[in-house]
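Undergrad: take a look and give me a structure for this.
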Amino acid sequence: MKRASCDLLAAHEIEGRDKPAPGAFTLVVDWAQNPVCVIVTTQVEIAPFDQVSAEFAYREGEGDRSLAQWRETHRRYFERAASQLGISFSPQDLLLLEQFEKVYPR
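TA: Take a look at the predicted model:
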C-alpha cells in the first residue's frame, strides 16, 4: 500500500505550490477527478535524490518496492519533469518527501 510520495523541491518553488505539512488532510482523486480517499500527512522531509532511503522507497509502494527500482523509475520521471520546467535534473537535486496515512475510507 502506498504510504509516501515525493516531488522535486524546485517544482514546488517554480510553480508556487504549497509544501505539505504534517497534520494536513488531502483529498486524493483519480485521473477523472473522482474522490478516492482522504490522507493525512504524517512526515515531510527534504533530501537529495541520491540519499533517499530504502525505507522511503518501500513506503512509496511502487514496482517491486526496492531502492534500485525506485531510483531508476524516479530518475527518468524527474528528468522529464525537470525538462518541462526548463531546468536540468541531477542526483543531488532536493526532493520533497511526504509520508502519509489513509484516514478515509479505512
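Undergrad: strands along the chain, start to end?
TA: 4-8, 25-29, 35-48, 94-104 (DSSP state E).
Undergrad: packing partners of the first one?
TA: In this case it means strand 4-8. helix 54-60, helix 67-85, strand 94-104 (3 or more CB pairs under 8 Å, 6 or more residues apart in numbering; DSSP states H and E). Bear in mind the C-beta positions are built from the backbone N, C-alpha and C, glycine included.
Undergrad: out of the ones you listed, nearest to A11?
TA: helix 67-85 (6.1 Å; CB to CB).
Undergrad: list the buried residues for that closest one?
TA: Buried residues in helix 67-85, defined by neighbour count with 16 or more other CB atoms under 10 Å: 70, 74, 78, 81-82.
Undergrad: for stretch 43-63, same thing?
TA: 49, 52, 56-60.
Undergrad: roughly how far does the nearest residue to R59 once chain neighbours are set aside sit from F56?
TA: The spatially closest residue to R59, leaving aside those adjacent along the chain, is A4, at 3.9 Å (CB to CB, 6 or more residues apart in numbering). Distance, A4 to F56, by CB to CB, to the nearest Å: 6 Å.
Undergrad: residue contacts, the residue nearest to D93 when sequence neighbours are not counted?
TA: Nearest residue to D93 in three dimensions, chain neighbours excluded: F49, at 5.5 Å (CB to CB, 6+ apart). If you count contacts by CB atoms under 8 Å, 6 or more residues apart in numbering, F49 has them with 71, 74-75, 78, 89-95.
Undergrad: great, nothing more from me.
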